[in-house]
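Participant: What follows is a predicted structure for the sequence shown.
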Amino acid sequence: MHNILVTGGTGYIGSHTAVELIEEGFNVLIADNLSNSDITVLDGIEEITGVRPLFEKTDLCDRSSLKEYFNRNPGIDAVIHFAAAKAVGESVENPLMYYRNNLVSLINLLEEMELRSSGSLVFSSSCTVYGQPGKLPVTEEAPVKKAESPYGNTKKISEDIIADTVKAAGHLRAISLRYFNPIGAHHTALIGELPRGVPDNLVPFITQTAIGIRDELKVFGDDYNTPDGSCIRDYLHVTDLARAHVTAIKRLLHDKNSKDYEVFNLGTGTGVSVLEMIRTFEKVASMKLRYRVTDRRPGDIEQVWADTTLANSELGWKAGHSLEDALASAWKWEKNYRQLKKNK
Ligand code: UD1
């Protein structure tokens with residue numbers, strides 16, 4: 001049985017990936033500093049899979065404690081690195097915190113992996129590296145643009161750090177997965193997205209408005225050059241995304257990678273506007289959502305969706321869930337979570 005270290009494994013995408021890994025027979029170790037996640041997520045993972053991953057509260061930015069972690073857990077075969085801060089606005093206000101947190105943790109991890117046999121890394125990257133692409137759908141060959149935020153820049157720099165390190169070190173192999181917009185929750189509604197405070201992202205804001213925590217959703221602009229004027233994104237179900245990580249890990253562990261460093265887009269290949277998202281949510285939740293069109297949000301990209309040809313043909317992965325499924329799961333999770341909180 002392979003041992004996979006999942007950094008940030010109590011977070012949104014990390015926890016869903018832990019579930020899929022366990023269900024595929026992997027032994028999962030989670031290292032997370034719990035700065036933006038809750039320890040109770042482990043209960044959810046255990047309830048779904050029957051297995052409680054080995055968890056340690058770990059600060060990856062602390063070089064010596066990371067070394068001790070690897071010393072205590074010598075059999076790690078591969079690492080999936082999610083642990084990072086991801087709030088765009090916060091990164092603009094506090095860039096050094098973002099550069100330190102997201103880059104020092106990666107450097108520490110790579111230094112430790114270079115010394116060990118755990119030579120396979122799957123990295124959590126983002127379509128943010130493309131900025132506003134000139135050509136849609138966007139392929140992995142599209143130029144990487146100057147980042148709109150320090151957060152986005154940490155993803156771009158991280159990819160460069162990984163590529164350079166893999167090139168220099170004989171035994172390291174890595175895959176960067178460029179996510180488009182992950183949404184939804186596990187079908188059991190036992191784990192899901194848990195934004196702290198007011199959500200930045202569209203879908204948690206929609207579900208919190210629907211349940212009555214927020215008065216109304218603000219649609220950030222309807223004067224873009226798109227069919228209905230609102231921004232377009234490629235929203236994919238988090239379970240599909242989680243499964244892509246399992247596929248990527250197997251690819252590395254079974255020597256199926258074609259290069260030592262590879263990059264794949266992970267999306268559905270379909271662009272959906274904010275107004276279409278609202279209509280689809282209203283349909284699956286059988287309710288009207290209160291919303292209002294406001295000014296554009298600074299830094300927003302007008303439209304982006306993925307060319308998934310490479311992920312489909314080379315990685316052998318394809319998003320399987322529909323947008324309706326994804327939104328229904330997000331809504332089920334929101335209702336379940338509020339009920340759980342009430343009962344506590
Ligand atoms: C954002 C980040 C991206 C990051 C991702 C992490 C920016 C520019 N991009 O993506 O780098 O990887 O989060 O999850 O911040 N919207 C509304 N009202 C809302 C919230 C969102 O209309 O209350 C709209 C936005 O304008 C956008 C779409 O919904 O068109 C999706 O927004 P969001 O979920 O924040 O994701 P991104 O901005 O695509």
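Facilitator: That came through, no problem.
Participant: Going along the chain, name the strands of the stretch 151-300 of the chain.
Facilitator: Here the stretch 151-300 of the chain has its strands, by DSSP state E, counting those that start in this stretch, at 173-179, 181-183, 217-220, 232-233, 235-237, 261-266, 272-273, 291-294.
Participant: okay, those, which one's buried deepest?
Facilitator: Most buried of the strands of the stretch 151-300 of the chain, by mean neighbour count (mean count of other Cβ atoms under 10 Å): strand 235-237, with a mean of 26. From N, CA and C alone the C-beta is placed, and that goes for glycine too.
Participant: helices or strands up against that one?
Facilitator: strand 181-183, helix 323-343 (3 or more Cβ pairs under 8 Å, 6 or more residues apart in numbering; DSSP states H and E).
Participant: does the longest one come close to the ligand?
Facilitator: No - with Cβ under 6 Å from any ligand atom as the threshold, helix 323-343 lies outside contact range of the ligand, at a closest distance of 11.7 Å.
Participant: Next to the ligand, which bits of the protein? Give me the list.
Facilitator: 86, 88, 126, 128, 148, 152, 181, 200-202, 205, 217-220, 231, 233, 274, 297, 299-300.
Participant: Those residues, buried ones only, as a PyMOL selection?
Facilitator: Per 16 or more other Cβ atoms under 10 Å, the buried members of those correspond to this PyMOL selection:
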select buried, resi 86+88+126+128+148+152+181+201+202+205+217+218+219+220+231+233+274
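Participant: still on that earlier bit, so of the helices and strands packed on strand 235-237, which one's packed in deepest?
Facilitator: strand 181-183 (a mean of 24).
Participant: What pairs with that strand, parallel or antiparallel?
Facilitator: Strand pairing for strand 181-183, using DSSP bridges, gives strand 235-237 (parallel).
Participant: The partner strand: how far from the chain's middle?
Facilitator: Distance of strand 235-237 from the chain centroid (Cα atoms, centre = their mean, to the nearest Å) equals 11 Å.
Participant: Stretch 235-242 now?
Facilitator: 9 Å.
Participant: CA atoms of it as CSV?
Facilitator: Extracted in CSV, the C-alpha atoms of stretch 235-242 (Å, rounded to 0.1, in the frame of the first residue of the first chain):
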residue,chain,number,x,y,z
TYR,A,235,-17.0,25.2,-12.8
LEU,A,236,-16.0,21.7,-12.0
HIS,A,237,-17.3,19.3,-9.3
VAL,A,238,-14.8,18.9,-6.4
THR,A,239,-15.1,15.1,-6.5
ASP,A,240,-14.0,15.1,-10.2
LEU,A,241,-11.1,17.3,-9.2
ALA,A,242,-10.2,15.0,-6.3
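Participant: circling back: of the residues of the chain next to the ligand, which belong to helices?
Facilitator: Secondary structure assignment by DSSP state H places 88, 152, 202, 205, 274 of these in helices.
Participant: how about TSV for those, with pLDDT added?
Facilitator: What follows is these, written out as TSV (pLDDT from 0 to 100):
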residue	pLDDT
88	90
152	95
202	98
205	98
274	98
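Participant: I'd like those as JSON lines, with distance to residue 316 appended.
Facilitator: As requested, these are arranged in JSON lines below (distance: Cβ to Cβ, whole Å):
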{"residue": "88", "distance to residue 316": "32"}
{"residue": "152", "distance to residue 316": "29"}
{"residue": "202", "distance to residue 316": "29"}
{"residue": "205", "distance to residue 316": "34"}
{"residue": "274", "distance to residue 316": "32"}
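Participant: and which of those residues is nearest to residue 290?
Facilitator: residue 205 (11.5 Å; Cβ to Cβ).
Participant: Pretty sure residue 240 is one of the things residue 267 touches, is it not?
Facilitator: No - counting by Cβ atoms under 8 Å, residue 267 does not reach residue 240; the two are 9.6 Å apart.
Participant: and for those two, which residues touch both?
Facilitator: residue 319 (Cβ atoms under 8 Å, 6 or more residues apart in numbering).
Participant: More neighbours: which of the two?
Facilitator: Taking other Cβ atoms under 10 Å, residue 267 and residue 240 do not tie; residue 267 has more neighbours (27 against 22).
Participant: Name the nearest residue to the more buried one, sequence neighbours excluded.
Facilitator: Leaving aside its chain neighbours, residue 267 sits nearest to residue 306 (3.0 Å; criterion: Cβ to Cβ, 6 or more residues apart in numbering).
Participant: what is that neighbour paired to in the beta sheet?
Facilitator: residue 138.
Participant: domain parsing for the protein?
Facilitator: Domain assignment for the chain by automatic domain parsing gives 3-183+236-267, 202-232+270-312+322-343.
Participant: Out of the ones you listed, indicate the one that is most buried.
Facilitator: Using mean count of other Cβ under 10 Å, domain 3-183+236-267 ranks as the most buried of the domains of the chain, with a mean of 19.
Participant: Name the nearest residue to residue 56, ignoring sequence neighbours.
Facilitator: residue 31 (5.6 Å).
Participant: Tell me which residues touch that neighbour, please.
Facilitator: 5, 6, 7, 9, 55, 56, 58, 60, 69, 83.
Participant: Looking at the residues you listed, which is nearest residue 100?
Facilitator: Relative to residue 100, and with distances defined as Cβ to Cβ, the nearest of these is residue 60, at 11.2 Å.
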